[in-house]
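>>> Could you work out the structure for the sequence below:
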Amino acid sequence: MARLAGKVAIVTGAAGGMGSIFARRFVEEGAQVLLTDIQDATALAQQLGRQARFIKHDVTREEVWQEVIEAGEKAFGPISILVNNAGVGADNRFIETISESDYRRIIDINQVSVFFGMKHVLPTMKRAGGGAIINISSVGGLRGAPASLAYVASKFAVCGMTKAAALEYAPHNIRVNSVHPGFTRTPMVAPTARAEEKLKPVIDRVPAGRLGDAGEIANTVVFLASDEARFATGAEFVIDGGLSCRLV
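So this is what the prediction gives:
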């Protein structure tokens with residue numbers, strides 16, 4: 001069953017990690033997908049076939065967002081799904097050592113880009129008769145963490161922005177939800193087996209006893225993009241192996 005047949009999606013940060021998995025799953029489920037990233041994802045788009053295109057995209061530049069929307073509409077028609085996935089991880093710096101430029105860089109990529117994406121996709125979603133916006137936050141958007149001030153601030157903000165947008169655009173049949181992955185096996189979190197071994201103290205705190213898999217996150221993203229989730233909006237979908245529910 002093609003759960004996303006007839007839908008047109010934009011997936012940011014699609015060159016690798018979770019974004020590439022999201023794009024692949026969307027195509028498998030029948031969607032036409034515009035992959036965007038500051039890194040080159042041309043080969044991936046070609047591999048995915050006629051249902052996929054790639055455009056280079058700096059998500060922190062507002063004027064480029066309009067170009068991306070226009071490219072998606074020209075290739076496939078009005079956009080009905082946006083996955084705001086592009087982001088950077090925590091830089092492991094304590095508050096006293098964070099420069100203004102370091103702080104603003106993380107905020108711009110993780111938070112301001114989500115604002116730009118929602119702002120510019122809304123008119124085309126109205127033309128499509130509705131849509132689904134999925135903002136990729138983090139378990140760090142629900143709980144604090146040391147040496148992660150800018151990251152946590154950006155991901156908490158994405159959660160709040162999601163709720164505000166959901167309330168504003170529910171009358172237009174546009175749903176907005178946030179997804180909060182825990183520690184997931186991606187090049188950002190565990191690029192090598194050795195790096196994953198160093199995460200053992202963290203993994204030991206996860207009730208499920210392991211890192212998540214990007215495909216497990218994609219299952220939720222596909223659900224939220226589909227009509228199966230038509231009554232879900234303004235919600236937080238947590239996929240963290242139980243990490244965020246433990247007290248100690």
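
>>> shaky segments in the chain?
Counting by pLDDT under 70, the ranges of the chain that qualify are 1, 187-196, 247-248.

>>> go again using 80 as the cut-off
1, 186-199, 202, 246-248 (pLDDT under 80).

>>> tell me, what residue is most central in it?
Residue closest to the average C-alpha location in the chain (CA atoms, centre = their mean): Asn85, at 2.3 Å.

>>> what's the helix or strand for Arg24?
Element membership for Arg24 (DSSP states H and E) is helix 17-28.

>>> Pull out the buried residues from that helix.
For helix 17-28, burial by neighbour count (16 or more other CB atoms under 10 Å) applies to Gly17, Met18, Gly19, Ser20, Ile21, Phe22, Ala23, Arg24, Arg25, Phe26, Val27. Where C-beta positions appear, they are placed from N, C-alpha and C, glycine not excepted.

>>> okay but the first one is in contact with Asp213, surely?
Read that as Gly17. No: with contact defined as CB atoms under 8 Å, Gly17 does not count as touching Asp213 (11.9 Å).

>>> quick one on the thing from earlier: of all the buried residues of helix 17-28, which comes closest to Phe54?
Of all these, Phe54 sits closest to Ala23, with 9.3 Å by CB to CB.

>>> contacting residues for the closest one?
Residues near Ala23 by CB atoms under 8 Å, 6 or more residues apart in numbering: Ala9, Val11, Ala14, Val33, Leu35, Leu44, Leu48, Ala52.

>>> Among these, name the ones in strands.
Counting by DSSP state E, the part of those found in strands is Ala9, Val11, Val33, Leu35, Ala52.

>>> For Asn177, the count of nearby residues, please.
25 (other CB atoms under 10 Å).

>>> That one looks like it's in a helix, true?
No: under DSSP: H, G, I helix; E, B strand; the rest coil, Asn177 falls outside any helix and is assigned strand.

>>> His57 and Asn84, how far apart?
12 Å (CB to CB, to the nearest Å).

>>> the more surrounded of these two?
Asn84 (30 against 26).

>>> what separates Lys163 from Tyr169, distance-wise?
In terms of CB to CB, Lys163 sits 11 Å off from Tyr169.

>>> Distance to Ile106 for the buried residues of helix 17-28 - can I get that in TSV?
Output for these, formatted as TSV (distance: CB to CB, whole Å):
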residue	distance to Ile106
Gly17	17
Met18	18
Gly19	18
Ser20	22
Ile21	23
Phe22	21
Ala23	24
Arg24	27
Arg25	27
Phe26	27
Val27	30
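
>>> Closest to Phe94 out of those residues?
Gly17 (26.2 Å).

>>> Excluding chain neighbours, what is closest to the closest one?
Of all residues not flanking Gly17 in the chain, Thr186 sits nearest, at 4.1 Å (CB to CB, 6 or more residues apart in numbering).

>>> what residues are up against the one you found?
Gly16, Gly17, Met18, Ala214.

>>> My guess is the first one contacts Ile38. True?
No: the pair Gly16 and Ile38 fails to qualify as a contact (CB under 8 Å) at a distance of 11.3 Å.

>>> Would you map the helices across the protein?
Assigned by DSSP state H, the helices in the chain fall at 17-28, 42-48, 62-76, 100-107, 113-128, 149-169, 193-198, 200-203, 214-225.
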